[in-house]
Structure formats: structure tokens, C-alpha cells
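Peer 1: sequence-free structure coming up:
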């Protein structure tokens, strides 16, 4: 497993496996407990396929009461639990542990209520992201966050990862579109946060739960805000001779007060790979290709297209096409949406990174990446959520060549260090999981990490829920709780007092 | 009784470390513009952050602004306006309602109180725009969370946890917010003369359309007369705000007129007049009457709010004003009693939500849970969380709930749903 250290399996739990499996069958009768090795193989990994591990047992509950009983059972017996939605995490958030129950929420697949007057949908956590939109689109509504895995990823998993998507600059992330959840704590307690109203009556636990990567609780129900679909959407496809010009164009669009529905950039290797794959008609003689999508009433979209076109010319664009039909708009996106599989065609394997940077640092980071590419002898193609600075470098490697995966991972780690160095962050939307866990100290010092772990202690004091994820080193809650107080030292002689 | 007035983050840290060592509770203060909200405290000392000021980073093209926590909101608003930008969540000013001066408040207070405004429906609250923080936990440790980029899921979002924590978890020293372009044009469509129920239906219709209404408020009869210095007249006004580029606003207003033509007489209000109305709605100016009559701020599902108020009216004299499509109710208790148990019981019966007693005499704030009491598991979780940040309970102790954490729902004091 490429040198990744996971928590040491608990011998007592491993010895009691048969008993635990039998007890799980009592709590979740029927087909809901999977313990045969060949059947568990389907669950041994998530979207980060470089890592695989069979769990102790797979449990697929059907009711919140069952979830609560499973968690309480495990909590009382010191058994670890890894929650899983659809298993599409790109950071290993749902990677099983050898001694942990894998709690799979996929049978919670029903929409519970559609409430148009309050523009809310109440769904079970295993409903797919796209399933929510599908349930309301006949009335012209949709659910805005649209991660590229939306056909498969679950809404409960979206809450755990605070998923984004192409449209989040204008419409926000999961955290901005979830109104409430029901969650089960590790001790089995069921807690409701929010509802169909806005804001919290006390601490914003919904805010901290969103993006907590399955370490704080198991999402059992989700209430989301739905929006009316924009009347129209049109896109511009703009090519630039340099990435600097493309980056400046993005800055100028935002500077003009325009927040596009989507704004994506691709670099030369990504453009070529995509064009070879889907023949979207992308220009091949440019260094940066920008897709700007504007949505809203037709009159607004037409108005803004004119403004964006002028900004593009001012920044030296060498090609600018404006979609004249829905079909043409979709063709602009076809290459971008196929960028990952397109890169998959030119390289046996690729490794997708997810740093975010201040946008103005794009040229510096791209230059740094070229240097690293030479250093490691591995190619890299870039797709970029240009509006919000979220980079997805795709590192090209061949897992069958000994040492190349390690090299790709080191390359990726160096890219993320570079992102942090220029004022950015390790992950924009894919999560820390196991993938970026050991890089957390690049961004946070021990005090920062300790305070995050203390939040964990309030929810799960024995570190039983999804351990080995997010935090490079788990510290016991009793130890974290200790205060080091030096009485009597007056360390603030200069503070004015009145 | 000492007031500490740090001018740097490290002095703030030293102060909290000292207080933790001495078990000396601190009242955390910016401008004190919201000091009257919460249970009365008896902190021995005050930590005054109003000198911890200055915008430390503002990059309009990156849509990001960082400032020290004590920086006046007014200064930030002005700086953003000079660049055609704004805090899109429109933080309200409690000054007028609480009998203080308008225009006060710090950027740290904006986050600590999770302020928002009429644009909450579309743009969110402070919680939705905070990107990163530096703070000193009650443990006496300086920590940071988040960053300066809009898309970031690295580690737990402790920045959001600060939103609405009212200084009870940590002392903010620096905050970084997402900023957005200010709308080029705004126009308000007012439907006149609607009763609460019809207004609720009209607002739901408008928000369910593709007109991208950014704010929807309903000012019942007489309440309407108290905004914009009376210019709106006293007839009930259901207000729909549309913002954006000129041609788009014109188109969407026309679409709304078409949609709502049968709802009642329509009136179009543009420019400064529109801005003034929404500022007054934001700041709850109708109930800024210079009295201490109890005022509640209630968040509910929009469709149920007016029914709750209707039921309440049968048992108590109240004035109500609605924002957020009806889901935010400002309620003034005319007889002077907060009627907390009655009100909270009715909210639970009407789909749930929460009520905060934002204005009341000291005696009421001491006797009545100011913040909505939570179910026992949730209250216990909140208390554990508080203890993880502030184990000795030295930061604003008791402001949100007696002891630590949040208030607990107790059927005996709160009147359980019948």
C-alpha cells in the first residue's frame, strides 16, 4: 500500500470476528451482512483504487434504528467502523480497515419528501446526487452542486466530503445547499441538525459535519435546497497563446462583476488528449483553453456573452467561439467532461490531484509543475476550475513499471506543497482521506491539528469512526484534553488596561 | 475588573492564557453593538478587541478579504464599495433595534453572531462566506482553520463552527471572507395589501420561478409604514428584490409582474429607494422603537411561519414582520412578556425551527433561555464541543446557556408540545 500506515488492527476484534458477524446478522437480518471474502471484494476500495483492503465485515443496514444499533454495539465493544456511501471518494475516505465494520449506506435510497413551496427535498443518504435533480426536474427544479461523479455519488457522501462541482463558484458547495441532516453518533445517539429552516439555534454543527469525511457521525437523512433551473445557458470557448493571458482573462471577467455559472480551463496536454478522444473541435495551437458558461434569462446571457467576448479579445485570445445552440454548448463541454478518460487513453494510469491556489498564482504553479514533470520524468495534464482556483493536475504514469506509482505520488505531493506555498490548500473538493493525510502538516501546525482532533473527541472520544483518515497521527482524547497552564506568568506587560 | 485591549494576536493569546491560568472569566467584546443579546454575564474581566484592527489582505480579482477581528464592518463595507464589491450576505446592524448607534460592529462580531440579511435566501449568511480564521481557543492556544481560497475541504471547517458561537468557543483574531461583486442594478416589486397567508403564497410563487429573486419580505399593515421613513405607506407590502445587470433585471421584473399580476396591486421601486427599504428590513427597523419590549428572531420553514403567528395571536398580542420568503419572523411582544414557552411550543407544532430572544429586559434574559433550547443529545454534544475549546469556561460563560454549551430542552420550563 505504497507506504501508507493505517491504524494497527486490534487483535481482540480480529479474534472475535465470527461473533461480531453473528451479532451483526441479528441487528441487520436478511441480506444485509456480507462476510464472504469474494463478496467483500466489491467493497475493498473506493475511487482511489491504488489502495485496497478487505474489511472485517460489510454491513448494509436499512433503517436508522439499525444504524444506531450497529454503532452502539461497536462503540460498546471498541470496534472500529468505516462508513461508506457509493464509494466514489477520490481520496480514500471509504477505504476499509482490516478490523473495522464497513457500514454501507447504499440501501437508504429513497426520496422521502419533495417540498416545492419551501424548495426543499428530504432524501435518504444513499440517494444519488443526480437522483435528487431527477426527482424534481419535471417541475423545472434542480440540485445545484454537481460533482463529476454525480450519477453515482450519494448525497450522504456529498455531505461527508462537502462536494463541489463545476457550478460551485456561482451556486456554492454542498455546505451552502444543505439545510439539515439527521445523523447517528458513534455511541448510537440520533441527532437532528437544521431542518427546513435556515441557520442553527446553537453551534453550527451542520457546518462542521459537512466535509468531516465520515469521522464525526453517520449521515442518516439529508434535507437540501433545490433551485429553479436557469432559463438558458450558453458558453464561450476561448483559446489563448499563454496561460498567463487565460488567467488574466478570468481575473478580468470577475473584475467586471460577472460570476459565470461555470469557468473551466485546460492546458495544452489536456486539450490535445480531449480533442483526440472526443473531437470536440478544440483549437490545438493554443496553450490555454477557457470554457465560460453563462446562465440565466436569455437577455442576461446575451448581454454577458458580449462583455466576456470583449474581455477575451482584450486579453489576446486567438480563438473565441460562442455556442449558438444547446448542442454546440454541450460539444464545448464534451472535451472537458471527457478529460479524465481522455488522459486515461494516452497513459496507462493517471493520478488526479486537487489543490486550490489563489488564481493569480496560476502561471507560477504551472511553471513549477513543468519543472517537477521533468524532475520526475512523468507527464502532467491540467484541468482547472478557473473561477475558484481549483486545480486538477493529472499525473501520467504506468503502475506496471516498478516504482512509478511511488514516483507519481511524490510528484503529486510536491504539487500540493507548491499549492500551499503560494497561499493555497491541499484539497479543494476531493477531501483529505488517506491520500493527503500525511501532508496535513504542510498546512497546519500541531496546535491546529490538535484542535481539529478535539472536535473529533466531542463526537467520537474513542476514535472508532473512520480512524486513519484525515489526521496523520491520532492522539488520545484524554491526552488532547490536558491543559498546560503556567500559573502566575504575566506574559502581556504591554497590553493597555483600563 | 480589568479591560484588556490587545492590539496584536499574540497579546490576545497572552490574555486568554492568563485568564485560563487564573480561572478568570472574560467577556469578549468588539464594539459591543450586540452586547444586549444573550443571557446576562457576570464576567470579571473584559477582552476588548476593538483595537485589533486593519485589513490585512484585499484582492478584488481573487474575491477575498482578510482583516483583524476588531476591524469595523463599516470600514470594510466602504473599502469594498470603492471596488464595486460587497459582503453578499448583507450583515445586519443590530444597533437600531437594541437602542444603540447605527453603523457599529466589527467583522469578528459579524462571524461570531453569524449575521446575515434579506439576501440570506440566495447568498447565505456569514457562515457561507467565511473562508478562514485565526483564533485563540479558551484553552489558551492560537489555532487557524481554512484558508484564503474559496474552494477548500482541507480538515474540519472550524471557521463555520465559529459562526454563531457568540465568542463562547474561541476569540477570533483574524478572519478571511469571500467577497462578491455588488449588483449593478436593483429593483423591488411590491405587492400591496396582502394578508400574511396570501403574501406567503406570493413569495413562494416568486421564489419558485426563474426570476432569481434575491430577497422576499412581507411587511404587514402598519409595519410597512415604519420603513424608509414612511415613504412606503402603511398598507401591507410584500417585497420582492431583483438584482443584477440592467437588461436582466428589467426582464425578470416583467416576468414577475406577469406571474403575480393577479395577486394584488403592484408597485415598482428602484435605486436608492429600494436600497433604503431593504436596509430597514435588514435591520428590523419597524421594531426599533427605543423600548425594551421583547423582540424574537425566529427561523422556520417559510410555508408554516404565518400559521404559527396566526395561532400565537389568539393567545398573545404580537406584531410580526417577515423576511426570507416568510421563514424569518421578527416578533415584538406587545404586552411585555416574552411568552417563551408558548412561542417555542407553537414553533415545534408548526414544523420546527428556532427562536432567539434578541431584545428583552435584563430580567427576562436572565429568566428565559435566550437561545432555542436543544434536544438532550444535541445539547450534550454542544456542551462537549464547548469543553473541547474552552474547558474552563472562561469565554463569555453563560452567554448562550447556563453552565456551558447550549441550553437544554426541558419540558418543565419550556412547555413541551401538548
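Peer 2: Here it is on my side, so go on. Quantities reported herein were computed from a predicted structural model and do not represent experimental measurements.
Peer 1: What helix or strand is residue 402 located in?
Peer 2: Chain wasn't specified; assuming chain A. Counting by DSSP states H and E, no helix or strand carries residue A:402.
Peer 1: Can you look at chain B instead?
Peer 2: Using DSSP H and E, residue B:402 sits in no helix or strand.
Peer 1: Then residue A:271?
Peer 2: Taking DSSP H and E as the definition, one finds residue A:271 inside helix A:268-278.
Peer 1: Give the rounded mean pLDDT of that helix.
Peer 2: Per-residue pLDDT values over helix A:268-278 give a mean of 94.
Peer 1: what about the helix or strand of chain A with the lowest mean pLDDT, distance to the chain center?
Peer 2: Between all helices and strands in chain A, the lowest mean by mean pLDDT, DSSP states H and E belongs to helix A:339-346, at a mean of 89. Its chain's C-alpha centre and that of helix A:339-346 lie 20 Å apart, by CA atoms, centre = their mean, to the nearest Å.
Peer 1: Can you report how many residues lie near the residue lying closest to residue B:295 once chain neighbours are set aside?
Peer 2: Counting by CB to CB, 6 or more residues apart in numbering or on different chains, residue B:295 lies nearest to residue B:359, which is 4.0 Å off, once chain neighbours are set aside. Glycine gets a C-beta too; all of them are placed from N, C-alpha and C. Applying other CB atoms under 10 Å in any protein chain shown, we find 28 residues neighbouring residue B:359.
Peer 1: mind showing which ranges of the chain have poor pLDDT?
Peer 2: No chain in the question, so chain A it is. A:1-2, A:485-498 (pLDDT under 70).
Peer 1: The chain in question should be chain B.
Peer 2: Low-confidence segments of chain B (pLDDT under 70): B:403-418.
Peer 1: Repeat the analysis, applying 80 as the threshold.
Peer 2: Residues of chain B that meet the criterion pLDDT under 80 lie in B:1, B:402-418.
Peer 1: can you tell me how far residue B:272 sits from chain A?
Peer 2: Noted for residue B:272: a distance of 19 Å to chain A, by CB to the nearest CB, to the nearest Å.
Peer 1: Can you classify the closest residue to residue A:27 other than its chain neighbours by secondary structure?
Peer 2: Nearest residue to residue A:27, sequence neighbours excluded (CB to CB, 6+ apart): residue A:69, at 4.8 Å. Using DSSP: H, G, I helix; E, B strand; the rest coil, the three-state assignment for residue A:69 comes out as helix.
Peer 1: Skipping adjacent residues, who's closest to residue 338 in space?
Peer 2: Using chain A. The spatially closest residue to residue A:338, leaving aside those adjacent along the chain, is residue A:278, at 4.9 Å (CB to CB, 6+ apart).
Peer 1: if you could check chain B rather than the one you did, that'd help
Peer 2: The shortest distance from residue B:338 to any non-neighbouring residue, by CB to CB, 6+ apart, is to residue B:294 (4.2 Å).
Peer 1: Contact partners for that neighbour?
Peer 2: By CB atoms under 8 Å, 6 or more residues apart in numbering or on different chains, the contact list for residue B:294 reads B:332-333, B:336-338, B:357, B:359-361, B:364.
Peer 1: Compare those residues and tell me which is most surrounded.
Peer 2: When neighbours are counted by other CB under 10 Å, residue B:359 leads these with 28 neighbours.
Peer 1: who's in contact with that residue?
Peer 2: By CB under 8 Å, 6+ apart, the contact set of residue B:359 is B:36-37, B:97-98, B:287, B:292-295.
Peer 1: out of those, who's nearest chain A?
Peer 2: For the contacts of residue B:359, the residue nearest chain A by CB to the nearest CB is residue B:37; the value is 13.6 Å.
Peer 1: Need phi/psi at residue B:208.
Peer 2: Residue B:208 adopts backbone torsions of phi -90, psi 0, taken as degrees, to the nearest 10.
Peer 1: Look up how far residue B:202 lies from it.
Peer 2: Distance of residue B:208 to residue B:202, computed by CB to CB, to the nearest Å: 11 Å.
Peer 1: between these two, who's got more neighbours?
Peer 2: Using other CB under 10 Å, the more surrounded residue of residue B:208 and residue B:202 is residue B:202, with 24 against 21.
Peer 1: State the distance from residue A:233 to chain B.
Peer 2: Distance of residue A:233 to chain B, computed by CB to the nearest CB: 12 Å.
Peer 1: helix/strand/coil for that residue?
Peer 2: Under the three-state scheme (three-state DSSP), residue A:233 adopts strand.
Peer 1: which stretches of chain B form helices?
Peer 2: In chain B, the segments counted as helices under DSSP state H are B:9-22, B:73-82, B:107-112, B:120-123, B:126-129, B:158-162, B:196-207, B:246-260, B:271-282, B:302-313, B:340-349, B:362-367, B:376-389, B:411-414.
Peer 1: on that earlier part again, put together a markdown table for the contacts of residue B:359, with distance to residue B:270 on each row.
Peer 2: Converted to a markdown table, the contacts of residue B:359 look like this (distance: CB to CB, whole Å):
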| residue | distance to residue B:270 |
| --- | --- |
| B:36 | 35 |
| B:37 | 34 |
| B:97 | 27 |
| B:98 | 31 |
| B:287 | 26 |
| B:292 | 37 |
| B:293 | 34 |
| B:294 | 36 |
| B:295 | 30 |
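Peer 1: Pull up the distance across stretch B:151-159, start to finish.
Peer 2: End-to-end distance of stretch B:151-159 (CA to CA, to the nearest Å): 13 Å.
Peer 1: How far off centre is that stretch?
Peer 2: Centroid separation for stretch B:151-159 versus its chain: 22 Å, with CA atoms, centre = their mean.
Peer 1: And for stretch A:259-278?
Peer 2: How far stretch A:259-278 lies from its chain's middle: 20 Å, per CA atoms, centre = their mean.
Peer 1: Equivalent analysis for stretch B:323-332, please.
Peer 2: 12 Å.
Peer 1: do stretch A:276-294 as well
Peer 2: A distance of 25 Å separates the centroid of the chain from that of stretch A:276-294, by CA atoms, centre = their mean.
Peer 1: distance between the ends of it?
Peer 2: End-to-end distance for stretch A:276-294, by CA to CA: 27 Å.
Peer 1: same check, this time on stretch B:364-375
Peer 2: From its first residue to its last, stretch B:364-375 covers 22 Å (CA to CA).
Peer 1: same thing with stretch A:385-402?
Peer 2: Its start and end residues considered, stretch A:385-402 measures 33 Å (CA to CA).
Peer 1: which parts of that stretch are buried?
Peer 2: Going by neighbour count (16 or more other CB atoms under 10 Å in any protein chain shown), the buried part of stretch A:385-402 is A:385-397.
Peer 1: same deal with stretch A:284-303?
Peer 2: By 16+ other CB under 10 Å, the buried positions in stretch A:284-303 come out as A:286-297, A:299-303.
Peer 1: Let me see the contact set for the residue sitting nearest the centre point of chain A.
Peer 2: For chain A, the residue nearest the mean C-alpha position is residue A:430 (2.8 Å; CA atoms, centre = their mean). Applying CB under 8 Å, 6+ apart, we find residue A:430 in contact with A:89-91, A:161, A:352, A:354, B:153.
Peer 1: make it 6 Å
Peer 2: A:90-91, A:354 (CB atoms under 6 Å, 6 or more residues apart in numbering or on different chains).
Peer 1: Let me know how buried residue A:433 is, in neighbour terms.
Peer 2: When neighbours are defined as other CB under 10 Å, residue A:433 has 26 of them.
Peer 1: now residue B:81
Peer 2: Number of residues near residue B:81 (other CB under 10 Å) recorded here: 11.
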